[in-house]
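1. 3D model of this:
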Amino acid sequence: MKQFFGWLATAATLTFTLPGAANQSDPRLNDLFVRLKAAENPIESRFIEQAIWQIWLESGNDTADRFMALGLEAMAAQEFDDAVEAFDEIVRIAPGFAEGWNKRATVNYLRGDLAASLADIDRVLALEPRHFGALSGRGLVNLALGREEAALAAFDAALAVYPNLQGRDTHIRELREKLRGRGI
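-> Next up is the predicted model:
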């Protein structure tokens, strides 16, 4: 029961301390990443993860934020061409905003444009090396390309940032065993 109240306190703290304008350069991220790495269970990690995503999604540029909303809506409707257009605008007007690149990388992956997805992931990670979503995405793209060693390295990098990452065992265990079987 004591742990439950600890998680609840974490959730309340994170919910009430997030301002309207932020991005990957927000100084609160450093503390959140320390807490994410030290979190003892998936529930606590999930609250911290949500706070990080909230910060990452706000560029501090009203126009980019409007395009983000449009792009997310188009993604949810599986209108990938419209989503890419919205995210193209974000990276054009706010090239230093990592989440614009990340969302475009995601849509490019969903559209099957794996080379474009990897290029966008590289931009995300240049701006925010701790971006566990982009690191996981790099793993998925490399898996789709048959680059199993690179996929495993990307998944391991994501876990180094976020040890309780949801779905962390989905591909990693199989990849490790498969690669071990090849003598790697």
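2. in the protein, which residue is closest to the centre?
-> With distances taken as C-alpha atoms, centre = their mean, Gly133 lies nearest the centre of the chain, 2.1 Å away.
3. for it, phi and psi?
-> Main-chain dihedrals, Gly133, degrees, to the nearest 10: phi -70, psi -40.
4. now name the helix or strand holding the closest residue in space to it that isn't next to it in sequence.
-> Counting by C-beta to C-beta, 6 or more residues apart in numbering, Gly133 lies nearest to Asn102, which is 6.0 Å off, once chain neighbours are set aside. The way it works is simple: take the backbone N, C-alpha and C, and place the C-beta from them, glycine included. According to DSSP states H and E, Asn102 maps onto helix 98-110.
5. mind listing the helices for the protein?
-> Assigned by DSSP state H, the chain shows helices spanning 2-16, 28-38, 42-57, 62-76, 80-93, 98-110, 114-127, 132-144, 148-161, 169-181.
6. could you dump those helices to CSV with mean pLDDT?
-> Converted to CSV, those look like this (pLDDT from 0 to 100):
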stretch, mean pLDDT
helix 2-16, 41
helix 28-38, 96
helix 42-57, 95
helix 62-76, 97
helix 80-93, 98
helix 98-110, 98
helix 114-127, 98
helix 132-144, 96
helix 148-161, 94
helix 169-181, 77
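7. would you mind finding the most buried of these?
-> Ranked by mean neighbour count under mean count of other C-beta atoms under 10 Å, those are led by helix 98-110, which reaches a mean of 25.
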